[in-house]
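Visitor: Next comes the sequence, and after it the predicted model I'd like to discuss.
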Amino acid sequence: MNHGTLVGDLLKAVARSLKMPGLIRSLERVGRQAREEKWSYEDYLHEVLQAEQTSRIESAIRSRLAEARFPELKTLDAFDFKAADGLEASHFLELGRCEWVRKAQNVLLVGPIGTGKTHLATALGAEAAKQRLHVAFWRAA
């Protein structure tokens, strides 16, 4: 076993004990790139820590979406505003920025069956999850 392999295994063991799976996944790829491009130690460390941070953010989003128990994950992009009579895409894109959550305001979606209320509510909840916001949904029976 050469020195590089040994150090790589030690780094993985330490990262595992620190519960840093994103760092483990990026270690070899970033290490190879750092050696080829002759990065400083600080640049390499920044890159692997940034990979871990990204991994944690993505994991938190997945966790929030799973906790929300949406019937099916929907997005604002997938909603057909042309077919939805009276709905303005720009209004929902604005809602997708989630300022209403930060201001503790409510959004009420009302309309007949089959008009896309669940799709839009799910899409807004997904946007809030991506922005690390907590939203409570209430659905009338």
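Guide: Great, that's in hand.
Visitor: in which helix or strand would I find Ala13?
Guide: Secondary structure here is read from DSSP states H and E; on that basis Ala13 sits in helix 3-17.
Visitor: Any stretches of this structure with poor pLDDT?
Guide: Where the chain drops to pLDDT under 70, the residues are 133-141.
Visitor: Let me know the angle separating the longest helix anywhere in it from helix 3-17.
Guide: In the chain, taking DSSP state H as the definition, the longest helix is helix 41-68. If you take axes from the mean of the first three to the mean of the last three Cα atoms, to 10 degrees, helix 41-68 sits at 40 degrees to helix 3-17.
Visitor: Report the buried residues of helix 41-68.
Guide: Across helix 41-68, burial judged by 16 or more other Cβ atoms under 10 Å covers Tyr44, Glu47, Val48, Ala51, Glu52, Ser55, Arg64, Leu65, Ala68. The C-beta positions use only the backbone N, C-alpha and C, and glycine is treated the same way.
Visitor: Ok, stretch 120-131 next?
Guide: Across stretch 120-131, burial judged by 16+ other Cβ under 10 Å covers Leu120, Ala121, Thr122, Ala123, Leu124, Gly125, Ala126, Glu127, Ala128, Ala129, Lys130.
Visitor: So what touches that stretch?
Guide: 61, 64-65, 68, 70-76, 78-79, 92, 95-98, 101, 107, 109, 134-135, 137, 139 (Cβ atoms under 8 Å, 6 or more residues apart in numbering).
Visitor: For that stretch, what is the distance to the chain centroid?
Guide: With Cα atoms, centre = their mean, to the nearest Å as the basis, the distance from the averaged C-alpha position of stretch 120-131 to the chain average is 11 Å.
Visitor: One more: stretch 91-109?
Guide: Centroid displacement of stretch 91-109 relative to its chain, using Cα atoms, centre = their mean, is 18 Å.
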